[in-house]
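Peer 1: Got a sequence here, can you build the structure:
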Amino acid sequence: NDRIAAAGFPEAATIYGQRLDYIIEYTKIKPLHAEKFTKWVLESRFHLQVLPIFSLIGARVRIDGHVLPKDECLKFCPKDNPQLCAHRDCIDAARAHSPNWRPGLID
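Peer 2: A predicted model of the protein is given here:
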């Protein structure tokens with residue numbers, strides 16, 4: 001993800017922070033996509049291997065504690081296998097649990 005990284009060496013924060021130095025170079029060859037850009041920088045410019053060691057599913061929570069309507073259904077995703085939580089499946093699970101549930105921005 002472009003907002004979070006885990007690494008096992010002290011220089012990681014510096015390298016991760018320097019990725020924006022390469023944004024112009026990247027956009028000359030590809031359209032900007034934050035996660036793909038980050039992976040490209042780490043692998044092609046710093047010769048680091050990006051490993052998918054954990055997966056995250058998170059709801060976007062605003063400073064006032066409000067969860068975005070399109071993320072409300074995430075509470076119904078299977079905790080043991082979050083990869084199965086495709087967006088449509090998430091909505092179907094939410095509706096099965098609570099038939100009157102309606103996401104504000106999805107439908």
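Peer 1: now the helices for the chain?
Peer 2: Applying DSSP state H to the chain gives helices spanning 12-17, 23-27, 34-40, 87-97.
Peer 1: other SSEs contacting the third one?
Peer 2: What it means is helix 34-40. In this structure, helix 34-40 packs against helix 23-27, with contacts taken as 3 or more CB pairs under 8 Å, 6 or more residues apart in numbering; DSSP states H and E. Where you see a C-beta, it was placed from the backbone N, CA and C, and this is true even at glycine.
Peer 1: Please work out how many residues are found near residue 19.
Peer 2: 20 (other CB atoms under 10 Å).
Peer 1: that older thread, worst mean pLDDT among the helices of the chain?
Peer 2: Set side by side, the helices of the chain give their lowest mean pLDDT on helix 87-97, at a mean of 62.
Peer 1: quick one: residue 10 and residue 51, what's the gap?
Peer 2: 18 Å (CB to CB, to the nearest Å).
Peer 1: Next: residue 40.
Peer 2: Per CB to CB, residue 40 is found 15 Å from residue 51.
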